[in-house]
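[1] Got a sequence here, can you model it:
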Amino acid sequence: MMEIYELLEKLTTVNGVSGNEEDVCAFLEDILSGYGEVTRDNLNNVYCTFGEGYHFLLDAHLDEIGFVVTDITDDGFIKFDKCGGIDTRMLPANEVVIHSKEKIRGVISTKPPHLQSADDEKKAPIITDLAIDTGYKSEELREIVERGDRITLKKNFVKLLNNRISSSVLDDRSGVASVLLALDRLKKLNCKITVAFTSQEEVGTRGASVAPFGLDVDEAICVDVSFAMSNGCDKADCGELSNGVMIGFSPSLDGEMSRKLVKLAEKNGIPYQQEIMNGRTGTDADVISVNESGIKSALLSIPERYMHQPVEVVDIDDINAVSNLIVAYITERVGELNA
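    So this is what the prediction gives:
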C-alpha cells in the first residue's frame, strides 16, 4: 500500500460525482486487485473479497458531491444544478471542471460587489441564477457539452500543519483510505473480508442499499466522515479534530459492537471519541443494517471540518485511528470465534 499522503492525494484527485463514478471505480479496482477478487455491480459499487470463514463487510462510499449540466445559454454560459448536498453560499467565483467529451475548465459567475444591491448582500445565491463561464461560445459548447454531464469543483490537495490536509472530496475518500490502509493486516487473519466501496451515497445511500445483497455478511463496519468542531459551530453537534476516531452510537447501529469498539480502542491505546445520535446516522450504515435479514453494523467516522465545501480538512492521525480500530476489532472477533 502506498504512503498515506500519496494515497489521499490520488484519491482526492480522481473524479466520481454521484451517478458518474467510473474514474474512481477504475482507480479503486486497480488498487484492490492486489488483495482479492474484484467485481463491480450495475450501480458502480466496487467489491473486493478475500479469505474464508466469518464474514465482515467494510464499507465506505466512493462518490462525491458535484453538479449536473442543465442547459447552455445563447450567450455561452452553462447552467447547472446540484448533484448532492451543495452549499450555494460558497459557489460564486469557484473554479470547476465540466466532464464532457472533453474536460473543460470554467468559473462560476458572480456579480461584482460594486453592482450588488443591499438585498444581494443579505442572501445566499439561488443556484438557478448562477452560471459557468468557460470562454467558449455557445455553438462551440454545444459541440462538446451535453445536458446531464457532470461538473466537479477544482481539485486542490493541500498539506497543512500538524498532519492535517485540506481538499474537496475528503468526504468520503478519507474513509476509503482508512479501509485501504487496513487491508494488508486483515489479509493475515482467518476470516472472510468483503470491501464495498459504494456509489451514490450523496444522493440517498443508493449504492449501499443493495451492496450487501446475497453476500451473507455476519457483521459490517461502515466508515464515513462526521462534523468536527470549527469556528461558529456548537460543540454539542461536533467531535474534535485530531481527537481520534468517532465511534457511533445510534438506534440503527448495533450497541454491542459500539461498546466493544470503545473497549478495544482503550485496550489498544487508539484515540477515540463517542458520537451519540438519537436516530438515523445519515450514512450507509442506516441501509446496510436493514439489508437481507438484518446485519449487525457499526459506524466509525473521521472528524472533518467544512464538510461539503472545497476546503474540507481532516487529520491524518484520525484516519490512521480508524484503520487501526478496524484491524483491532476484527482481530479480536476472529480470536473469540476461533477460541
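
[2] so where do the strands sit in the stretch 201-339 of the chain?
    Ranges of strands within the stretch 201-339 of the chain are 219-227, 245-249, 272-276, 296-304, 312-315, based on DSSP state E, counting those that start in this stretch.

[3] and the angle from the helix ranked longest in the chain to strand 245-249?
    Of all the segments of type helix in the chain, defined by DSSP state H, the longest one is helix 316-337. Taking axes from the mean of the first three to the mean of the last three Cα atoms, to 10 degrees, one finds helix 316-337 and strand 245-249 inclined to each other by 50 degrees.

[4] in stretch 149-157, what counts as buried?
    Asp149, Arg150, Ile151, Thr152, Leu153, Lys155, Phe157 (16 or more other Cβ atoms under 10 Å). In short, each C-beta sits where N, CA and C put it, glycine included.

[5] Could you point out which of those residues is nearest to Phe213?
    Arg150 (26.5 Å; Cβ to Cβ).

[6] my read: the closest one touches Glu21, true?
    No. Distance between Arg150 and Glu21: 9.6 Å, which falls outside the contact criterion (Cβ atoms under 8 Å).

[7] Dihedrals phi and psi, Phe67?
    phi -140, psi 170 (degrees, to the nearest 10).

[8] Please apply the same query to Leu183.
    phi -70, psi -40.

[9] separation between it and Val176?
    11 Å (Cβ to Cβ, to the nearest Å).

[10] show me what contacts the residue lying closest to Ala298 once chain neighbours are set aside?
    Nearest non-adjacent residue to Ala298, counting by Cβ to Cβ, 6 or more residues apart in numbering: Met257, 4.1 Å away. The neighbourhood of Met257, defined by Cβ atoms under 8 Å, 6 or more residues apart in numbering, consists of Glu219, Ile221, Lys296, Ser297, Ala298, Tyr329.

[11] Tell me what angle the longest helix of the chain forms with strand 219-227.
    160 degrees.

[12] Put the alpha carbons of helix 316-337 into CSV.
    This file holds the C-alpha atoms of helix 316-337, laid out as CSV (Å, rounded to 0.1, in the frame of the first residue of the first chain):
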residue,chain,number,x,y,z
ILE,A,316,-4.0,12.0,9.1
ASP,A,317,-3.8,10.7,12.6
ASP,A,318,-7.6,10.4,12.8
ILE,A,319,-7.6,8.4,9.6
ASN,A,320,-5.0,6.1,11.0
ALA,A,321,-7.0,5.7,14.2
VAL,A,322,-10.0,4.5,12.2
SER,A,323,-7.8,2.0,10.3
ASN,A,324,-6.2,0.7,13.5
LEU,A,325,-9.5,0.2,15.2
ILE,A,326,-10.9,-1.7,12.3
VAL,A,327,-8.0,-4.1,12.5
ALA,A,328,-8.2,-4.3,16.3
TYR,A,329,-11.9,-5.1,16.2
ILE,A,330,-11.7,-7.8,13.5
THR,A,331,-8.6,-9.4,15.1
GLU,A,332,-10.4,-9.6,18.4
ARG,A,333,-13.6,-11.1,16.9
VAL,A,334,-11.6,-13.7,15.0
GLY,A,335,-9.8,-14.7,18.2
GLU,A,336,-13.1,-15.0,20.0
LEU,A,337,-14.7,-17.1,17.2
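
[13] Pull out the buried members of the contacts of Met257.
    Using 16+ other Cβ under 10 Å, the buried ones in the contacts of Met257 are Glu219, Ile221, Lys296, Ser297, Ala298, Tyr329.

[14] Give me the nearest residue to the fourth one, chain neighbours excluded.
    Think Ser297. Nearest one to Ser297, counting by Cβ to Cβ, 6+ apart, is Ser289 at 4.0 Å.

[15] What segments of the chain are helices?
    Under DSSP H, the chain gives helices at 4-13, 22-32, 138-144, 170-180, 183-186, 206-210, 255-267, 285-288, 316-337.

[16] just these: most buried one?
    helix 170-180 (a mean of 28; mean count of other Cβ atoms under 10 Å).

[17] quick check: angle from that one to strand 296-304?
    120 degrees.

[18] tell me what helix 170-180 is packed against?
    helix 4-13, strand 55-61, strand 192-198, strand 219-227, strand 296-304, strand 312-315, helix 316-337 (3 or more Cβ pairs under 8 Å, 6 or more residues apart in numbering; DSSP states H and E).

[19] for Val314, what are its contacts?
    Arg164, Ile165, Leu170, Ser174, Val225, Ala228, Leu241, Ile302, Pro303, Glu304, Arg305.

[20] Quick check: the fourth one vs Thr283, distance?
    For Ser174, the distance to Thr283 equals 14 Å [Cβ to Cβ].

[21] now do the last one
    Arg305 sits at a distance of 18 Å from Thr283 (criterion: Cβ to Cβ).

[22] swap in the third one?
    Using Cβ to Cβ, one gets 15 Å for the distance from Leu170 to Thr283.

[23] correct me, but Leu7 touches Leu183?
    No. Using Cβ under 8 Å, Leu7 is not in contact with Leu183, being 11.7 Å away.

[24] Alright, I will stop here.
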